[in-house]
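A.B. asks: Build me a structure from this.
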Amino acid sequence: MPEWLILTYAALVGAVAGSFLNVCIHRWPLGESVVRPRSRCPGCGGAIAWYDNVPVLSWLLLRGRCRHCRQPISIQYPLVELAVALVWLAAVWRLGPSVEALRMALFLTMLLGIALTDARHMVIPDQLSLGGMVIGLAMAPLAGGIDLLDAVIGAGGGYVFLWALKISAERVFRKPALGVGDIHMIAMIGAFAGPGGVLLAILLGSFLGLLVGVPLSWWRGRLTLMGTYLPLGTFLAVGAAIAFVWGEALFTWYLRLMVGG
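C.D. replies: This next block holds a predicted model:
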């Protein structure tokens, strides 16, 4: 099969996965089913026909509005579909049509879902975190990029480490620290990235949270009286994606830096 056809197919599958991810992002934080009811317009509540639900294309043809009531439909929908399509395309382009490419595409797709749900709803659905952990552990023996023992150590070690950190911080500061959703998420990251990936994801996510999240939360708290909640899962997701894709290169660069070239 020609490479361009394989890459096109990967992008199309990714766009469909992105469409489903949009449903998950919207419904899971609200405790709703992703199966029923069918997709509906947020404005008039009318069911969206299949031909108005084609990833990216339908939104463009309808100019971002419902066919019936003409209410605007968030640009998030085509952007997520496009982003996931590019993720699946990049995974297959980098690793070929393989199980490892599927593992990368699924992991990055779930990280995007977690990043958006935590940023928007302050919730990390267990369907994405614990469900993702199960998928990561199940795929570890098949993928070739990580063995099952590393996946188990990464998931279990990350889970225990963050629980210990949560308990210690709460005893010291005498107030809630970390969310259980963040801990479940770390277990998922460990199942895909192993113990080294977990540590790098925590390091990068914490750095990004301090650099970007804390000033942004402070600004929102001052201007909107929303408090200073920090969606740590969003930054952990970015850190995990960087660790998974470029972790080895970062470790190599760091070692060379330490030994002077």
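A.B. asks: Domains of this protein: list them as residue ranges, please.
C.D. replies: Here the domain parsing of the chain from automatic domain parsing is 1-97, 99-261.
A.B. asks: quick one: residue 48 from residue 148, how far?
C.D. replies: Residue 48 is 41 Å from residue 148, where distance means CB to CB, to the nearest Å. C-beta coordinates here come from the backbone N, C-alpha and C atoms, glycine included.
A.B. asks: before we move on, back to that, most tightly packed of the domains of the chain?
C.D. replies: Comparing the domains of the chain by mean neighbour count (mean count of other CB atoms under 10 Å), domain 99-261 ranks first with a mean of 18.
A.B. asks: now it: mean pLDDT?
C.D. replies: For domain 99-261, the mean per-residue pLDDT is 86.
A.B. asks: Stretch 27-39 now?
C.D. replies: Here stretch 27-39 scores 86 as its mean pLDDT.
A.B. asks: The chain should start at 16 in everything you say after this.
C.D. replies: With the count now opening at 16, the last piece we talked about shows up as stretch 42-54.
A.B. asks: what's the first-to-last distance across that stretch?
C.D. replies: End-to-end span of stretch 42-54 (CA to CA, to the nearest Å): 10 Å.
A.B. asks: Likewise for stretch 136-145?
C.D. replies: This stretch, stretch 136-145, spans 18 Å end to end (CA to CA).
A.B. asks: which element is the spatially most central residue of the chain on?
C.D. replies: For the chain, residue 126 is the residue whose C-alpha lies nearest the centre (CA atoms, centre = their mean; 1.3 Å). Following DSSP states H and E, one finds residue 126 within helix 114-136.
A.B. asks: Which residues does stretch 28-41 contact?
C.D. replies: Residues outside stretch 28-41 that contact it (CB atoms under 8 Å, 6 or more residues apart in numbering): 49, 54, 68, 70-71, 91-92, 95-104, 120, 124, 127-128, 131-132, 135, 140, 142-143.
A.B. asks: Wait, residue 199 touches residue 142, no?
C.D. replies: No: in this structure residue 199 lies outside contact range of residue 142 using CB atoms under 8 Å: 10.4 Å.
A.B. asks: Could you pull up the contacting residues of residue 112?
C.D. replies: Counting by CB under 8 Å, 6+ apart, residue 112 touches 21, 25.
A.B. asks: doesn't residue 220 make contact with residue 255?
C.D. replies: Yes: here residue 255 reaches residue 220: they are 7.1 Å apart, a contact under CB under 8 Å.
A.B. asks: how close does the nearest residue to residue 75 once chain neighbours are set aside get to residue 272?
C.D. replies: Spatial nearest neighbour of residue 75, excluding adjacent residues (CB to CB, 6 or more residues apart in numbering): residue 93 at 7.0 Å. To residue 272, residue 93 is 41 Å away according to CB to CB.
A.B. asks: do the same with residue 78
C.D. replies: Distance from residue 78 to residue 272, by CB to CB: 50 Å.
A.B. asks: same question, residue 248
C.D. replies: 30 Å.
A.B. asks: before we move on, what about residue 87?
C.D. replies: For residue 87, the distance to residue 272 - CB to CB - is 49 Å.
A.B. asks: same thing with residue 135?
C.D. replies: Relative to residue 272, and taking CB to CB, residue 135 is found at 37 Å.
A.B. asks: List the contacts of residue 152.
C.D. replies: So residue 152 contacts 163, 166-167, 170, 206 (CB under 8 Å, 6+ apart).
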